[in-house]
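*Asks:* sequence first, then the predicted structure, then my questions.
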Amino acid sequence: MTGVRAIALVIAAVSLLAAASHVSRAQSNDQTIVHSGVEFPAVFAEGQRFDPRDYEPTNPGLGFGTGYRHRGAISTVFIYDLQQKRIPDDLAAAPVVQQFEQAHGDITRYLGADGTLTSRGVFTLADRGGKPRLKCEGYDIRRTSAEPMRHTYLCLGVVNGKYFKVRTTMAQDDKSQDEVRRFVGAWVAKLWKS
C-alpha cells in the first residue's frame, strides 16, 4: 500500500466515523480554530462543531479535520495536502481529479464487500463569480443489508494550496442535496469571496 493511499484511507475512515467519536480535545469548543489559513468556527451555517483533530504533528500531510452537526446531517470538513507542494486550484487538474477518485474509492473500500454504493449524481458549487470551486457527488450507501440506506456526499476542491474536502452523511431524504448545497455552499461563500 502506498503512503498516499494509506493517508487517503485514514482520511476516509475518520470522515465516516467522526460522528461516533467522543474523544475530548484540548481546544475549547467555543474558540475558532485556524488551520492552513482557514477558520473553523464553533458554530457555522447552523452547524455545531465537534471533535476537531490536528493530524499534522503525528501524520504530516493529513492536515486538520472537524465535524459539524447541522439539520440532521453530519459533515466532516478537512484541509490537507498529502505533503504535495503545489496543488492547483482547478477542479480539472490531474491531482484534484485523482484525489476525488481516491476519496470515492475510499468510500467503497470502507463499505466493504457487503456494502451498497449508488451514485446520486455529480454537481459543482461555484463562488459568487461563477467559478466552480467544489466538485461534489452524492451517494446512496449502506454497509449491510440490515442497515437503512443513507445519503452521503463528497465535495472536494482546493483552497490556499490545500485540498478542502467535506463529507456529509444523513438519513435518506429527498432534500438531502439541498442541505449539502446550503451547508457546503456557505463554506464556498466564506472561502472564495470572488
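*Replies:* Alright, I've got the coordinates.
*Asks:* what ranges does this structure have for its helices?
*Replies:* 3-17, 94-111, 176-191 (DSSP state H).
*Asks:* which stretch in those is the model least sure about?
*Replies:* Here the lowest mean pLDDT among the helices of the chain goes to helix 3-17, at a mean of 44.
*Asks:* surely residue 167 touches residue 154?
*Replies:* Yes: using Cβ atoms under 8 Å, residue 167 is in contact with residue 154, at 5.8 Å. Every C-beta, even on glycine, is put in place using the N, C-alpha and C of the backbone.
*Asks:* okay, buried residues for stretch 35-47 please.
*Replies:* Neighbour-count burial for stretch 35-47 flags 35, 36, 38, 40, 42, 44, 45, 47 (criterion: 16 or more other Cβ atoms under 10 Å).
*Asks:* please render these as JSON lines that adds pLDDT and distance to residue 130 to the earlier fields.
*Replies:* JSON lines is the format used below for these (pLDDT from 0 to 100; distance: Cβ to Cβ, whole Å):
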{"residue": "35", "pLDDT": "96", "distance to residue 130": "28"}
{"residue": "36", "pLDDT": "95", "distance to residue 130": "25"}
{"residue": "38", "pLDDT": "97", "distance to residue 130": "22"}
{"residue": "40", "pLDDT": "98", "distance to residue 130": "26"}
{"residue": "42", "pLDDT": "97", "distance to residue 130": "31"}
{"residue": "44", "pLDDT": "98", "distance to residue 130": "24"}
{"residue": "45", "pLDDT": "98", "distance to residue 130": "21"}
{"residue": "47", "pLDDT": "98", "distance to residue 130": "26"}
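*Asks:* could you list which of those residues belong to strands?
*Replies:* When strands are assigned by DSSP state E, the members of the buried residues of stretch 35-47 inside them are 35, 38, 40, 44, 47.
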